[in-house]
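*Asks:* Let me see the structure of the following:
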Amino acid sequence: MKQQTKINNRFFFFLILYLFSTSLISLRTLKKVNNQDIIISGSNLFSQNDLVNKSSLKFPIRLIFINPKYLEKELKQNLSLKNVSVSRRIFPFGLKVHIDTRTPIAYGEKIVNDQKIIGYIDKDGIFINKQDVEVKNLSNLKIKVLGWKEKFKKIISEILIAEENYEIELVKITFSPNGFLTVEEKDLKTIFLGFKRNSIHSQLQIINNLKNEFKKNKFQKKIDNIDLTDPNKPKIKVFKP
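*Replies:* Numbering: from 1, shown residues only. Predicted coordinates for the structure are as follows:
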């Protein structure tokens with residue numbers, strides 16, 4: 001009998017403890033999140049105010065009303081982030097945001113509403129806003145990408161990766177307003193690639209081969225430009241004295 005009473009008392013104790021903790025958790029999810037309740041990790045580049053200003057949420061906001069996945073999507077796009085994870089926390093109370101920034105490998109320039117926007121480009125061809133880059137990552141940038149557009153990011157990425165893996169030393173990648181692609185190489189100078197995006201792989205290989213020949217044979221004539229708009233019929237124009 002005493003054993004049964006002991007079991008019943010223990011059951012009621014844990015039941016009360018469970019109900020109390022459940023009620024406490026429920027109350028804390030209804031508590032409002034303020035700027036100071038945002039915990040940032042992964043980068044010191046952004047402040048709590050930066051995250052709030054780049055979100056459509058109106059702070060303070062109750063914790064239970066925050067959709068982490070939606071907030072992640074907003075911050076990733078608005079802050080040019082490689083990745084971001086958001087989690088709601090009860091103990092300690094707040095919103096934890098872990099940030100993974102992008103690493104720039106080129107200067108970038110794009111036109112928005114007839115205005116020139118200066119920024120940077122990463123390995124994926126993504127445009128990074130100037131204020132969203134850490135200064136320590138800018139010391140070795142040698143390439144400029146002009147005329148960036150969202151639809152060009154894949155081909156920009158392919159060119160930048162080739163530049164990294166081949167003997168090519170690119171100085172500039174330029175898209176004209178109508179999308180005509182031109183690159184400038186340190187020794188080979190201006191190279192016309194044109195509009196054929198599906199030819200970029202063979203075009204880059206030709207550029208690499210020409211660069212190797214240039215270095216191997218110590219080409220004496222000064223190159224004006226190279227036309228690779230038709231990779232099957234490359235044309236090299238040299239300066240005539």
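*Asks:* any idea how far the residue lying closest to K31 once chain neighbours are set aside lies from R88?
*Replies:* Of all residues not flanking K31 in the chain, L63 sits nearest, at 6.1 Å (C-beta to C-beta, 6 or more residues apart in numbering). Any C-beta I mention is one placed from the backbone N, CA and C, and that applies to glycine too. Using C-beta to C-beta, to the nearest Å, we find L63 at a distance of 5 Å from R88.
*Asks:* so how far is Q77 from S87?
*Replies:* In terms of C-beta to C-beta, S87 sits 19 Å off from Q77.
*Asks:* where does I39 land in three-state SS?
*Replies:* What DSSP: H, G, I helix; E, B strand; the rest coil gives for I39 is strand.
*Asks:* List the contacts of it.
*Replies:* By C-beta atoms under 8 Å, 6 or more residues apart in numbering, I39 lies in contact with R89, G94, L95, K96, V97.
*Asks:* Dump these to TSV, plus distance to I118, secondary structure and pLDDT.
*Replies:* Shown next, in TSV, are those (distance: C-beta to C-beta, whole Å; DSSP: H, G, I helix; E, B strand; the rest coil; pLDDT from 0 to 100):
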residue	distance to I118	secondary structure	pLDDT
R89	37	strand	85
G94	35	strand	82
L95	32	strand	89
K96	32	strand	93
V97	27	strand	95
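*Asks:* Mind giving me the PyMOL select for these, buried ones only?
*Replies:* In PyMOL, a selection of the buried entries from the contacts of I39 looks like this (16 or more other C-beta atoms under 10 Å):
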select buried, resi 94+95+96+97
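*Asks:* okay if I get the contacts of I39 as TSV plus distance to R197?
*Replies:* Formatted as TSV, the contacts of I39 follow (distance: C-beta to C-beta, whole Å):
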residue	distance to R197
R89	46
G94	46
L95	42
K96	41
V97	37
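*Asks:* mind giving me the domain ranges of the chain?
*Replies:* 31-100, 104-238 (automatic domain parsing).
*Asks:* now for the longest one, what's the gap between its first and last residues?
*Replies:* It stands for domain 104-238. Length of domain 104-238, first residue to last, C-alpha to C-alpha, to the nearest Å: 34 Å.
*Asks:* can you map out the helices along this protein?
*Replies:* Using DSSP state H, the helices of the chain run over 2-29, 48-53, 68-78, 153-165, 200-217.
*Asks:* give the contact list for the nearest residue to Q36 once chain neighbours are set aside.
*Replies:* Distances taken as C-beta to C-beta, 6+ apart place Q48 nearest to Q36, at 6.8 Å, with adjacent residues excluded. Counting by C-beta under 8 Å, 6+ apart, Q48 makes contact with N35, Q36, I38, I40.
*Asks:* show me the contacts for S43.
*Replies:* The neighbours of S43, taking C-beta under 8 Å, 6+ apart as the test, are I99, D100, T101, E134.
*Asks:* Only whichever of these are buried, select them in ChimeraX.
*Replies:* This is how ChimeraX selects the buried members of the contacts of S43, with burial counted by 16+ other C-beta under 10 Å:
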select :99,101
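*Asks:* which of the contacts of S43 lies closest to L57?
*Replies:* I99 (16.8 Å; C-beta to C-beta).
*Asks:* how far away is that closest one from K142?
*Replies:* Distance from I99 to K142, by C-beta to C-beta: 27 Å.
*Asks:* Same check on V133?
*Replies:* V133 is 16 Å from K142, where distance means C-beta to C-beta.
*Asks:* what does N208 give?
*Replies:* Distance from N208 to K142, by C-beta to C-beta: 18 Å.
*Asks:* Same check on A106?
*Replies:* Taking C-beta to C-beta, one finds A106 at 8 Å from K142.
*Asks:* who's more crowded, those two?
*Replies:* Taking other C-beta atoms under 10 Å, A106 and K142 do not tie; A106 has more neighbours (23 against 13).
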